[in-house]
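J.: I would like the atomic coordinates for the input below:
(2 chains)
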Amino acid sequence: MKLNFVLNNTPRNVYTEPGENLRELLYRMGIHSLRDSDDGYAFTGSDSLLLDGKIVSSSLIIAAQVQGRDIKTVESLSGNGMLSPVQSAMVDAGVVQSAYNIPAVALILTDLLNRIPEPSKEDIKDAMSAVFIRDSGYEQFYNAVYLAIKRKNDPEYKNTLPPEFRDDLKFVGKVKSKVDGAKLVRGERLFVEDRREQGSAVLKMLRSPYASAYIKNIDITEAQKIPGVEIILTHKNTPDIWYTQAGQGFPEPSPYDRRLFGEKVNHVGDRVAAVVADTCEIADLALTKIKVEYEVLAHVMTIDEASAPGAPLVHNGEICYRVGGPDDIAVRDQTPDPVFDPREGKIIYPFPIGGNPEKNIAASVSGGIGDLEKGFAAADVVIEREYQPETHVQCTPLEKHTVYTKMDGDRLIMHCSTQVPFHVRRITASVLGISENKIRVIKERVGGGYGSKQDILLEEVCAFATYSTGRAIFHQYSRKEEFESCSTRKPMKIRVKLGAKKDGKLTAVYMDVKANAGPYGAHALTVPMNACSKSLPLFLCDNFGFDVTAYYSNASPTGAYQGYGAPKGSYALQMAAAELAEALKMDPLKFLELNRVHEGSMLEILKCLGEGREGTAAPAESCGLGPALEQGARMIQWGKKEKSDDPDVKIGKGVVIIQQGSGLPGLDQSNAMIKMLGDGTFMLFSGGADLGTGLDTVSVKMASEILQTEMKNVSILSGDTDNTPFDTGAYASSGTYFSGSAALLAAKDIKAKILEAASKIMDEPMKDLQIQYPGKVVGKSAELTYAKLAWHTQAGEGQGQLMGFGHFTTDKHAFPYGAHFAQVAVNKRTGAVKVQKYYALQDAGMPINPELAQGQIFGGVLKSIGHTLYEALIYDSNGRALNTDLRSYGVPMIGDVPEDFQVKLVYTDDPYGPYGAKSISEIATNGAAPVIANAIHDAIGIWMRKWPFTPEAVLRELGKI
Amino acid sequence: MIKKIVKPASLKEASILKDKSNYYLSGGTRINWAPARAERKLQGKPAIENVILIKDLLPKDIIKQGTDLLIGAGITFQELIDNPETPGVLKKAAGFIASRNIRNMATLGGNIAANLPDSCIIPCLIALKARIRTVKIKRYGADTENAGGQDAHKVDSGKTVTGKTETVTMSVEDYITQGKNDLIKEIILPRVDGVCVIDRALKSSAAYPAVTAAVRISEKDAVVALGCVADHVIRLKEIESAILDNSLSGDSLAGAVADIINPESDLTGSIEYKKYISGSMIVHLTALSGKGA
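T.: Alright, predicted model coming up:
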């Protein structure tokens, strides 16, 4: 049908199918700001537009409905590359992070200000009610609106709300526009899906309906006959190469227990076959024509089921070791080889990590210092509790997992939404059996990762299909696939035993962590290990012990998630600490003060907490816990009992301390290069992968600060395996500490070269030269601008282009710390828990991007509030997840934000971090569960030892149902 | 995917065009919503391919008529909230749709017609004794190839429908319990005594509710309506009588509510939870309504 409507003030006439989805139609017409985060569920707001002046969800509209109507999208807001006041305010308020639906929010807030020039907090909340924000939480959007109001009259009005640090610095620690903020808020073509070209094929996956089954037979004959089907991949025509999907440093501490397509499926949603076809419709049709005969097997879903004697084995094939082996390897070698069902495949351990798949154990480790038995014997009070954060919680990035692959001659080009471009290259090369120089991975802007994009979940399949066919291929997960076939945080059961003297001093601390690793062992050792390594060192005690066991199961795959294992370890240990304090009749804050780590404390426990390698004791060189606890206690009026007007409602308060790491010293590596361009500006090449967190901005600030030149004079290219140097990737809170340090070192390197070159040109000794703002070398008698220096060095007689290189590795730790305080109101009649106040006081050393740092803390806290109170995948008895959409799964929206939500950055100067910086965001996810649990106990006297704390769970704990 | 769309010129024409093969499309939040399409597939129902666009035909004003308030069925939830004539409790119920985007699209008539068990507004309308006015065609006989006259209307198939449009007024309660699907033109809110109060139970602000409820008590009557515990919103008449004659209160009232309903366990909560929270909520709302909250 022919359709007429006005789009962004221009009349448009288009031909369309009457039922075509409006969002798809407009995307086809070049409106790329409209995104589909959830397959037409219209829950995230990413598809918002103005229809006849009202904000609506374009996914819910068919083209025929807009005949004769007026449509406005975010593209209408900014002309000639300029930002509207709302857009610039959003960038500067720090809300533009991964930004997949941020353009839609710009439109929503513009509409708000058109309706209500001076909106209240409730008005803003209402306007944002259709928007799901996962990265920065929602709190800073209020500031963005107030800033936009000011900028309507004064475009230069500065955002004064976030704190700034170090008066002696110009860029570092200052509120500066995120370097990619403008193009993100404008809704430009920056994501993988925008790289898709006409004529490219699509890949769709046939997934297992069973939790555990052999594929007895798979018949693709009928599917292959469908015109437009390019290739169908199954276990019969793909390599028998085993690998791990975990994007970790090589060799990975994860078992190689999967191949592209196996003969055995290990979870509902596991890969069975992939269809590559000209269109989605053809691929979908072909999927229905693939005939699969399954031999259904018994399955195990939980830690208890997987660890039960005689439990069905998730992997019952051959077990090999590349290096070393288990303690009984000699005995095993002498016994006759068992006969394995070839359909089981195999597991290859790169090195021993305590795995015993014959008992469903993917990995295990034990350790400790001192003498636990003696420590408990010396205690006056001993408590032992079990905590069950046993839910599967999902990362839910707004941008679903997406990849686009194509050939360039004999080279494979991969456009990826990934945290680990270099690991994608390495793993893809090994699966395809080709060398790394034949692959280029380009990390596009990433619309949220949170750990789920640390793993290689779809890239290698698409790469194999392109390499096999020569076709350019696009593949994007559906939201259902995000839930079923992505990676969740590992469910855990954690037993904690604590002993203390009457005065509260800890004498012994023991943690027994059991984790559900899911069907494949990605991060099987390191996530549960992290539950110990990022919680135990918060306490000073002579006797520590821990046991960690990760079990295979047929539940959804698990892997990395912001915070890694720490949120669950922290929940168990901090809650146990509060329970011990109660047993000691001691104020929990006093207990924490008595036993916590201090600046300079030697952390002996780290000796046994290496991430898959030998650990070493290390000092806590910087630690802001003292001021954080002091300020937080003051803010929340610790010790003052609050009373509600509603007799059903009781109010309680809680406090916890938290920590994380900054990358993986001894394991991670980052590199960066910088070159001076012809006019004295700079091009910085960073291997780091900015996920929207502002890592590129960190790197540019490092260079600008060292080189004393405006940030606009330093452009950055990052995460491109052809054009940027190696970096292990964005995980384990490594961005600022590792990639930022590499940029800093590269800038220092070129600075030295600038001075050396200037010395020759200016004929002054280097010791008399200084770099000064704005971008010049100043000597005793003269000065030389960078532009002139560039001309000299790059002219026919010049010494050559100036370039710097930075390579960062370290064995030094920079632990970020924090104290979180919460006040909750619990309704004893309904079981509802309302977080009234949440104060996150965090020591991130010197915050490089203060406004973005605050946003990441808001976002991390809110995620973990969701995990604590309602988020959880729910399975039926067949192992099928039932709530595979964002709404029924339950994610925090703006209506769930604590009434009084504050983030305070506690300044410390870490000796090892770049400009004293430490990591910022992962740690923020560690506090909510224990602090809310402890506050609930303070309110109504129950201990919530199991996630999530839904109203129903609270009522059960109260004995009302 | 929707393949055929017709845009009638009047409500009369719309009602003539309506048959089993097509659906009215007003706001579109249900018909165009991906999960609703998936649910139809799961239930073995054919995909909706033919729709009749009615949005521009429906009234959307709120008019006072004597002691009644006439609300056009085409009014969106947001317009309902923004209109000063809308009773406060109805604004609150409309606000239970968390998303402003959806409130800007979903219409009151469409929500009633969809007759969803977890409707946020139907319990409130029942408690307010709301009635609806529907438009339908009363056919004189089989559609013919050729017919003429004042009551003859040519339809897309080429055939001619002979019949007369009629307007029927019925309670919201009857409409939903009888599973009607006639075109809703307007909603009539009579003046009622007592205070209507509403509530719902959910895990988070945008979650699907486990229970929705509305209670209105006056000296003469009491209405208790509950959502999410049956395949449509239900009215608990036995409970209403017990409230009126004060034979049940507190725990005994909560227990009676729990006994009378048969909810199913689902993602929002277990049977025990739904029974408990329904009882607790009705007790609470009864107290609030009684106090004239």
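J.: residue boundaries of the strands in the stretch 151-293 of chain B?
T.: B:152-154, B:160-171, B:183-189, B:195-201, B:211-217, B:222-227, B:234-235 (DSSP state E, counting those that start in this stretch).
J.: which one of those lies closest to B:Val51?
T.: strand B:183-189 (13.0 Å; C-beta to C-beta). Where C-beta positions appear, they are placed from N, C-alpha and C, glycine not excepted.
J.: what's the closest one in contact with?
T.: With contacts defined as C-beta atoms under 8 Å, 6 or more residues apart in numbering or on different chains, strand B:183-189 is touched by B:11, B:14-15, B:18, B:24, B:54, B:58-59, B:68-73, B:87, B:90, B:108-109, B:112-113, B:125, B:128, B:130-136, B:167, B:169, B:172, B:175.
J.: out of those residues, which end up buried?
T.: Neighbour-count burial (16 or more other C-beta atoms under 10 Å in any protein chain shown) is assigned, among the contacts of strand B:183-189, to B:11, B:14-15, B:18, B:24, B:54, B:58-59, B:69-73, B:90, B:108-109, B:112-113, B:125, B:128, B:130-136, B:172, B:175.
J.: apart from its neighbours in sequence, what residue is nearest A:Glu484?
T.: Leaving aside its sequence neighbours, A:Glu484 sits nearest to A:Gly269 (C-beta to C-beta, 6 or more residues apart in numbering or on different chains; 3.1 Å).
J.: surely the one you found meets A:Ser208?
T.: Yes - under the criterion of C-beta atoms under 8 Å, A:Gly269 makes contact with A:Ser208 at 6.5 Å.
J.: picking that back up, how about the strands of the stretch 151-293 of chain B in JSON lines, adding mean pLDDT?
T.: Output for the strands of the stretch 151-293 of chain B, formatted as JSON lines (pLDDT from 0 to 100):
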{"stretch": "strand B:152-154", "mean pLDDT": "69"}
{"stretch": "strand B:160-171", "mean pLDDT": "85"}
{"stretch": "strand B:183-189", "mean pLDDT": "97"}
{"stretch": "strand B:195-201", "mean pLDDT": "98"}
{"stretch": "strand B:211-217", "mean pLDDT": "98"}
{"stretch": "strand B:222-227", "mean pLDDT": "98"}
{"stretch": "strand B:234-235", "mean pLDDT": "98"}
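J.: most packed of the ones you listed?
T.: strand B:211-217 (a mean of 28; mean count of other C-beta atoms under 10 Å in any protein chain shown).
J.: elements contacting that one?
T.: Judged by 3 or more C-beta pairs under 8 Å, 6 or more residues apart in numbering or on different chains; DSSP states H and E, strand B:211-217 is in contact with helix B:122-127, strand B:195-201, strand B:222-227, helix B:271-291.
J.: what's the closest of the ones you listed to chain A?
T.: helix B:271-291 (4.3 Å; C-beta to the nearest C-beta).
J.: which elements pack onto the closest one?
T.: Helix B:271-291 packs on helix A:951-957, strand B:195-201, strand B:211-217, strand B:222-227, helix B:250-260, going by 3+ C-beta pairs under 8 Å, 6+ apart.
J.: and of these, who's closest to A:Gly652?
T.: Once the helices and strands packed on helix B:271-291 are compared by C-beta to C-beta, helix A:951-957 is nearest, at 12.4 Å.
J.: anything in that closest one near chain B?
T.: Yes - Helix A:951-957 lies within reach of chain B by C-beta under 8 Å from any C-beta of the partner chain, at A:Pro951, A:Glu952, A:Leu955.
J.: so which of those is the closest to chain B?
T.: Closest approach to chain B among the residues of helix A:951-957 next to chain B (C-beta to the nearest C-beta): A:Glu952, at 4.3 Å.
J.: residues contacting that closest one?
T.: A:Gly831, A:Ile961, B:Gly269, B:Ser270, B:Tyr273.
J.: let me know the pLDDT of it.
T.: Note for A:Glu952: predicted pLDDT of 98.
J.: so what's the residue count around B:Lys92?
T.: 18 (other C-beta atoms under 10 Å in any protein chain shown).
J.: grab the nearest non-local neighbour of it.
T.: B:Ile198 (6.2 Å).
J.: so what's that neighbour bridging to?
T.: B:Ala214 (DSSP bridges).
J.: roughly how far does it sit from A:Ser556?
T.: 37 Å (C-beta to C-beta, to the nearest Å).
J.: dump the residue contacts of A:Pro103.
T.: A:Ser33, A:Thr73, A:Val74, A:Leu184, A:Val185, A:Arg186, A:Gly187.
J.: and it, that one's in a helix?
T.: Yes - the assignment for A:Pro103 by DSSP: H, G, I helix; E, B strand; the rest coil puts it in a helix.
J.: any idea how far it is from chain B?
T.: Distance of A:Pro103 to chain B, computed by C-beta to the nearest C-beta, to the nearest Å: 15 Å.
J.: chain A contacts on the stretch 151-293 of chain B?
T.: So the stretch 151-293 of chain B meets chain A at B:201, B:203-208, B:267, B:269-270, B:272-273, B:276-277, B:280-281, B:284 (C-beta under 8 Å from any C-beta).
J.: and the strands in the stretch 201-350 of chain A?
T.: Counting by DSSP E, counting those that start in this stretch, the segments of the stretch 201-350 of chain A that form strands are A:201-207, A:213-219, A:229-233, A:264-265, A:271-277, A:291-296, A:318-321, A:346-349.
J.: now the stretch 1-150 of chain B
T.: Going by DSSP E, counting those that start in this stretch, the stretch 1-150 of chain B shows strands at B:4-6, B:23-25, B:50-53, B:62-65, B:68-72, B:131-139.
J.: let me know whether the first one sits next to chain A.
T.: Yes - under the criterion of C-beta under 8 Å from any C-beta, chain A is reached by strand B:4-6 at B:Lys4, B:Ile5.
J.: list the contacts of that strand.
T.: Here strand B:4-6 makes contact (C-beta under 8 Å, 6+ apart) with A:1, A:18-19, A:62, A:64, B:17, B:22, B:25, B:49-53, B:156.
J.: which residue packs closest to the residue positioned nearest the centre of chain A, ignoring adjacent ones?
T.: The centroid of chain A falls nearest to A:Tyr450 when counting by C-alpha atoms, centre = their mean (1.4 Å). Leaving aside its sequence neighbours, A:Tyr450 sits nearest to A:Cys395 (C-beta to C-beta, 6+ apart; 4.1 Å).
J.: OK, contacts around the residue in the stretch 651-800 of chain A positioned nearest to chain B?
T.: Going by C-beta to the nearest C-beta, chain B is nearest to A:Ile651 of the stretch 651-800 of chain A, at 19.3 Å. Residues near A:Ile651 by C-beta under 8 Å, 6+ apart: A:Lys641, A:Glu642, A:Lys643, A:Ser644, A:Gln823, A:Val824, A:Ala825, A:Val826, A:Gln836, A:Ala939.
J.: so where does it fall, helix or strand?
T.: strand A:649-659 (DSSP states H and E).
J.: average pLDDT for that strand?
T.: Mean predicted lDDT for strand A:649-659 stands at 98.
J.: distance from the helix or strand that that strand is followed by to the middle of the chain?
T.: Next helix or strand after strand A:649-659 toward the C-terminus (DSSP H and E): strand A:670-676. Centroid separation for strand A:670-676 versus its chain: 25 Å, with C-alpha atoms, centre = their mean, to the nearest Å.
J.: other SSEs contacting strand A:670-676?
T.: Using 3+ C-beta pairs under 8 Å, 6+ apart, strand A:670-676 sits against strand A:682-686, helix A:741-762, helix A:786-794, strand A:803-808.
J.: quick check: the residue of the stretch 101-250 of chain B nearest chain A.
T.: B:Ser205 (2.9 Å).
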